[in-house]
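Participant: Structural data only, the sequence is not supplied:
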């Protein structure tokens, strides 16, 4: 109830709190679904087993599963939590990365850019003759609170004399338009530079005329050229769309996040495998009388194996479906929160591959754990 109420109330929350609220609601819903799995499993099992209800194995699996609801719930619950957590985390990160790409791409005043290809930056020769605006990258030291603070700076061709500050840099330095910056350049020279503008969307924390940067930092390289025409081929440079550039940067930054995420999912799946294996090993071993009755009725070892394997798969699939359903509903809430923050529509990214991989791993463990006690009897 609390998770559902949180999802319903999410549109009325402050924008910066909506994504966190969506994740919190998702966790609460996953916990609720896990606790309620004994109740939810019965109708799900009936639905999943409906197509094979008239076959001998299908009937045995369906009735055996409905009779042993506690056993099935104990198997399905950890699968539910693991699959739900996997879909939720990977889907949330993928959706937010997509939104970040759209948001960051909108900050560029051009559709295409020329960027370094296997080099630290673009040389003067590579930039020469390119249609568009370029900027040199450098670092400067600025007097700040009695000391010196390092800042990234850009040299923009055609920029007016003086310095342009980003809103964040201006706030940190306590400088306004019309003030001055005490700057130490890369060559050691110092200067008092007047601040001509403070812009929220400045291309760098501090922006100078390109000629001034080149004068004090002859080795400065160009980070990119914002193209407004067909680029000229140059060694060490490649042209791409802004969206491709932003996605490349997001992919590079996301590698560490992905590593941590898959380590977390791996640990969760490992504990789930242990829980599922222990449950099925004990539960299957305790059903010797039931399997003995099947053999007296004419069933062979292979048929008994098919029954226990099908039951294990049914429990795993049921848990995975419940987990994916809860995570899917939660992802809709997360997407709505991100859309409200960006004020534009974005696609919902559902990580089918991650969910299927975790489900398959849980299913393999379940089948093996259920089959071992049966095989040990022969």
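Facilitator: Perfect, thanks for sending it. Here the structure is a predicted model, which means the values were calculated and not measured.

Participant: these two touch, right, residue 40 and residue 322?
Facilitator: Yes - using CB atoms under 8 Å as the test, residue 40 is close enough to residue 322 to be in contact (6.1 Å). (Each C-beta comes from the backbone N, C-alpha and C, glycine too.)

Participant: Helix or strand: which one has the residue nearest to the spatial centre of the chain?
Facilitator: By CA atoms, centre = their mean, the mean C-alpha position of the chain lies nearest to residue 93, the distance being 1.9 Å. Element membership for residue 93 (DSSP states H and E) is helix 69-105.

Participant: now swap in residue 113 and tell me
Facilitator: Residue 113 belongs to strand 112-116, assigned by DSSP H and E.

Participant: which helices and strands sit right next to the very next helix or strand once past that strand?
Facilitator: Helices and strands here follow DSSP H and E; after strand 112-116, the next one along the chain is helix 124-127. Applying 3 or more CB pairs under 8 Å, 6 or more residues apart in numbering; DSSP states H and E, one finds that helix 124-127 makes contact with strand 221-227.

Participant: relative to strand 112-116, how tilted is the strand it packs on?
Facilitator: Interaxial angle of strand 221-227 relative to strand 112-116 (axes from the mean of the first three to the mean of the last three CA atoms, to 10 degrees): 160 degrees.

Participant: model confidence over strand 221-227, on average?
Facilitator: Regarding strand 221-227, the rounded mean pLDDT is 76.

Participant: repeat for stretch 161-172
Facilitator: 89.

Participant: What are the buried residues along it?
Facilitator: Neighbour-count burial for stretch 161-172, counted by 16 or more other CB atoms under 10 Å, picks out 162-166, 169-170, 172.

Participant: Distance of residue 46 relative to residue 40?
Facilitator: 11 Å (CB to CB, to the nearest Å).

Participant: Neighbour count: those two, which is higher?
Facilitator: Between residue 46 and residue 40, counted using other CB atoms under 10 Å, residue 40 has the larger neighbour count: 21 against 13.

Participant: give me every residue that touches the more buried one.
Facilitator: Counting by CB atoms under 8 Å, 6 or more residues apart in numbering, residue 40 touches 33, 322.

Participant: Could you tell me the angle between the helix or strand hosting it and helix 69-105?
Facilitator: Per DSSP H and E: residue 40 is located in helix 37-49. With the same axes, to 10 degrees defining the directions, helix 37-49 sits at 90 degrees from helix 69-105.

Participant: Can you get me a residue count around residue 323?
Facilitator: 30.

Participant: Give me the angle between the lengthiest helix in the chain and strand 221-227.
Facilitator: Counting by DSSP state H, the longest helix found in the chain is helix 242-285. Angle of helix 242-285 versus strand 221-227, following the same axes, to 10 degrees, is 100 degrees.

Participant: For helix 242-285, give the mean pLDDT please.
Facilitator: 74.

Participant: Please state the offset of that helix from the chain centre?
Facilitator: 11 Å (CA atoms, centre = their mean, to the nearest Å).

Participant: Show me what that helix is packed against.
Facilitator: helix 69-105, strand 112-116, helix 301-342, helix 352-376.

Participant: looking at the chain, which helix or strand is least sure?
Facilitator: helix 288-296 (a mean of 57; mean pLDDT, DSSP states H and E).

Participant: which non-adjacent residue is nearest residue 316?
Facilitator: residue 363 (4.5 Å; CB to CB, 6 or more residues apart in numbering).

Participant: so the one you found touches residue 314, yeah?
Facilitator: No - the pair residue 363 and residue 314 fails to qualify as a contact (CB under 8 Å) at a distance of 10.1 Å.
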